[in-house]
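Please find the sequence and the predicted model below.
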Amino acid sequence: MGNDDIFKKVTAHAKEYGFVFQSSEIYDGLSAVYDYGQNGTLLKNNIKKYWLDAMVLLNENIVTIDSAIFMHPTVWKASGHADAFNDPLIDNKDSKKRYRADVLIEDYREKIQKKIDKEVTKAAKRFGDAFDKAEFLKTNGRVLANQKKIDELTNSFQTALENDDLAAIKQIIVEAGIVCPISGSKNWTDVRQFNLMFDTRIGSVSDESGKIYLRPETAQGIFVNYLNVQKTGRMKLPFGIAQIGKAFRNEIVARQFIFRMREFEQMEMQFFVRPGEEKKWYRFWKEKREKWHKALAMGDEKYRWHDHDKLARYANAASDIEFDFPFGFKELEGIHSRTDFDLSQHQEFSGKKLQYYDPELQKSYVPYVIETSLGLDRMFLSVLSSAYTEEVIEKADGKKDTRVVLKIPAPLAPVKVAILPLMKKDGLPEFARKIMDNLKFDLNCRYEEKDSIGKRYRRQDAIGTPFCITIDHQSLINNDVTLRYRDSMKQERVSILDLPSIIKLKTNMKNLLKKVEA
Ligand code: ATP
């Protein structure tokens, strides 16, 4: 199955099983805006809990806040968003489609890289154990030619970005012969800048004075509350403020389901440190965040680091954690060393001192900041797409069948356990309800008595429920049930007294958090 097919299947599955719906679907939808359904909301909440607990429970010096979406308009002047929160856009004159020029170039670079990877795979097969990858990369003619293309492209792209040279960006697209994926033509407009912030009006004034913005990131809500939290929480440096909340960006290209939305959620943490110590904390948070992702055991090979080609004005180091989505490696989370840029800007624009008195150094200064910034919806997509599995299995009658199962990490699964009386009679439902009443306070349970047991198992597989409990006539006599495991489909007889501990061991968030801390 090709990657495009997988992505289509994941998207269709997300809708069919109540994870994600197009916003306002009955009115034909609103582009790049989505609603989370009954299962999606539970999964999303579990991801939020995993993130917030890893921040706040595991770190005594991190607290959380919930700041407003609307902020004073000067915030966005100070942060630079009013003047410079732009994407370079380019239109194809034939298809009339609009693209982000930087994304077109990055996709092209990725395509050449794939050619190199293909050569390596082919050669590894041909030479077997004797294959020396480093030597091959240094000597193979085709690889060297492609690597040269990548290096030249990267250099000229980096220079164009650094100089904000839009004509040079267009020149790169033209020279590389990049075509529009829809029309296949090279008939491009010039590259222009496009501000991504949504604006609206506050109060009853209709002129410019009432113009405010929907926040394009949650971070500024943290910066403007730095002093409030530091003083009222008696926080000592280093300390962090974590926040989960909505952000809004009028994205130019929004065609990848919940990867790029116009309304989305971020999970951001700003960690305030002593100037001069930022490199140490930058490394610390890179390591921590990588561990947090990998603790989910979705496959270490699905993550890679990507250092920024162009550092934002505010940053002295920045790197992204990229995830291997069905459409390739793309940014999942950013880790940025933001210097004292934001607090200094707010100090200047507001006229209020945003400093910290360091009792050890006996002086005041504006703290430096390390930021970790993760998109909740992208995180959701990474979990969903890596969980989606199709397996060919043999049925009882020997015929082959395909089972679709979401192998969601158990602590994140929307429903932890399904309780399934084999029949709707003979006291089985009552016995099943008793088991549910015992488990439901700690675990999200689902009760189902309709359809054959096989069909019920499949429905639970399709939403990623790690455990199914089946109650039969034997259960009433022996006080035991059949426990079925989602991934292996293994079934075992278990005493009802042992159910809570077995299920909690696998589904408890605590075990995940312990891996993050290890
Ligand atoms: P991209 O280059 O993909 O546009 P970005 O570098 O602009 O992303 P940041 O400003 O660093 O992104 O935002 C931090 C995180 O917020 C990203 O790593 C991503 O997970 C998430 N994010 C950003 N824009 C969107 C969006 N439009 N839809 C969903 N998530 C987003």
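Everything's here; your move. Numbering: from 1, shown residues only.

got a list of contacts for the particular helix or strand that has K514 in it?
Counting by DSSP states H and E, the element that carries K514 is helix 509-517. For helix 509-517, the external contacting residues (Cβ atoms under 8 Å, 6 or more residues apart in numbering) are 46, 49-50, 53-54, 57-58, 288, 291-292, 295-296, 409, 411, 505. All C-beta spots, glycine's among them, are computed from the backbone N, C-alpha and C.

What is the end-to-end distance of stretch 214-222?
One end of stretch 214-222 to the other measures 15 Å (Cα to Cα, to the nearest Å).

Over to stretch 119-139?
12 Å.

What residues of it count as buried?
By neighbour count with 16 or more other Cβ atoms under 10 Å, stretch 119-139 contains the buried residues 119-120, 123.

Which is the succeeding secondary structure element to the helix or strand harbouring L374?
Applying DSSP H and E as the criterion places L374 in strand 368-375. Next in sequence after strand 368-375, counting helices and strands by DSSP H and E, comes helix 376-387.

and the following helix or strand past that following helix, what's its mean pLDDT?
For helix 376-387, the following helix or strand on the C-terminal side (DSSP H and E) is strand 388-394. Mean per-residue pLDDT for strand 388-394: 92.

Which positions in strand 388-394 come out as buried?
For strand 388-394, by 16+ other Cβ under 10 Å, it's Y388.

partners of it in the sheet?
Strands that pair with strand 388-394, judged by DSSP bridges, come out as strand 400-406 (antiparallel).

what is the orientation angle of the partner strand with helix 376-387?
With axes from the mean of the first three to the mean of the last three Cα atoms, to 10 degrees applied, the angle from strand 400-406 to helix 376-387 works out at 160 degrees.

packing partners for the helix ranked longest in the chain?
Assignment by DSSP state H gives helix 101-127 as the longest helix of the chain. Applying 3 or more Cβ pairs under 8 Å, 6 or more residues apart in numbering; DSSP states H and E, one finds that helix 101-127 contacts strand 86-91, helix 133-139, helix 141-162, helix 166-176.

Determine if any part of the shortest one is in contact with the ligand.
Okay, so that is strand 86-91. No: taking Cβ under 6 Å from any ligand atom as the criterion, strand 86-91 and the ligand are apart, separated by no less than 7.6 Å.

residues making contact with that strand?
So strand 86-91 is in contact with 97-102, 104, 166, 169-170, 173, 188-196, 251-252, going by Cβ under 8 Å, 6+ apart.

rerun at 10 Å
With Cβ atoms under 10 Å, 6 or more residues apart in numbering as the test, strand 86-91 has contacts from 97-105, 160-161, 164, 166, 169-170, 173, 178, 180, 187-197, 249-253.

cool, and stretch 283-294?
By Cβ under 10 Å, 6+ apart, stretch 283-294 touches 50-51, 54-55, 58-59, 238, 240, 269, 271, 273, 277, 300, 302-303, 305, 317, 319, 321, 323, 332-337, 370-374, 379, 382, 512-513, 515-518.

Determine the three-state secondary structure at R289.
Under DSSP: H, G, I helix; E, B strand; the rest coil, R289 falls in the helix class.

how about the nearest residue to P73, chain neighbours excluded?
I212 (5.4 Å; Cβ to Cβ, 6 or more residues apart in numbering).

ok, the residue most central in space within the chain to C180 distance?
By Cα atoms, centre = their mean, the chain has its centre lying nearest to M379, at 2.2 Å. Separation of M379 from C180 (Cβ to Cβ, to the nearest Å): 31 Å.

picking that back up, so the residue nearest to the centre of the chain sits against Y50, correct?
Yes: the criterion here is Cβ atoms under 10 Å, and M379 meets it with Y50 at 9.2 Å.

Can you report phi and psi for the residue nearest to P73?
As for I212, its main-chain torsions (degrees, to the nearest 10) stand at phi -130, psi 170.

so what strands line up beside the strand holding L374?
In its sheet, and by DSSP bridges, strand 368-375 pairs with strand 263-273 (antiparallel), strand 328-337 (antiparallel).

what sits against D480?
471-472, 474, 492-499.

Which pLDDT does the model give the residue in the chain that the ligand sits nearest to?
In the chain, the residue that lies nearest the ligand is G375 (2.3 Å; Cβ to the nearest ligand atom). On the pLDDT scale, G375 is placed at 98.

if I pick it, what's in contact with it?
247, 258-261, 264-268, 331-334, 381-382.

circling back to that earlier point, would you list the buried residues of stretch 119-139 in CSV and tack on distance to K425 and pLDDT?
Output for the buried residues of stretch 119-139, formatted as CSV (distance: Cβ to Cβ, whole Å; pLDDT from 0 to 100):
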residue, distance to K425, pLDDT
E119, 65, 91
V120, 62, 91
A123, 65, 91
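
Tell me the one of those nearest K434?
The shortest gap between K434 and any of the buried residues of stretch 119-139 belongs to V120, at 58.7 Å (Cβ to Cβ).

thinking the closest one is in contact with N146, fair?
No: if you go by Cβ under 10 Å, V120 and N146 don't touch, sitting 11.1 Å apart.

Mutual contacts of these two, please.
With Cβ under 10 Å, 6+ apart as the test, V120 and N146 both reach N140.

Around the ligand, pick out the residues from this structure.
217, 249, 251, 260-261, 264, 266, 331-334, 373-375, 377-378.

which of those residues are buried?
Using 16+ other Cβ under 10 Å, the buried ones in the residues of the chain next to the ligand are 217, 249, 251, 260-261, 264, 266, 332-334, 373-375, 377-378.

Run a quick neighbour tally on N511.
By the criterion of other Cβ atoms under 10 Å, N511 has 14 neighbours.

gap between it and A68?
36 Å.

Which pLDDT value goes with the closest residue in space to Y388 that isn't next to it in sequence?
Take Y388 and drop its neighbours on the chain: the residue closest to it by Cβ to Cβ, 6+ apart is V10, 4.9 Å away. V10 is assigned 96 on the pLDDT scale.

Please give the element, helix or strand, for V10.
helix 3-16.

after that helix comes which helix or strand?
Downstream of helix 3-16 (by DSSP H and E), the next one is strand 20-22.

C-terminal to that next one, what's the next element?
strand 34-36.

what packs against that next one?
Other elements packing on strand 34-36 under the criterion 3 or more Cβ pairs under 10 Å, 6 or more residues apart in numbering; DSSP states H and E are helix 3-16, strand 20-22, helix 38-56, strand 263-273, helix 376-387.
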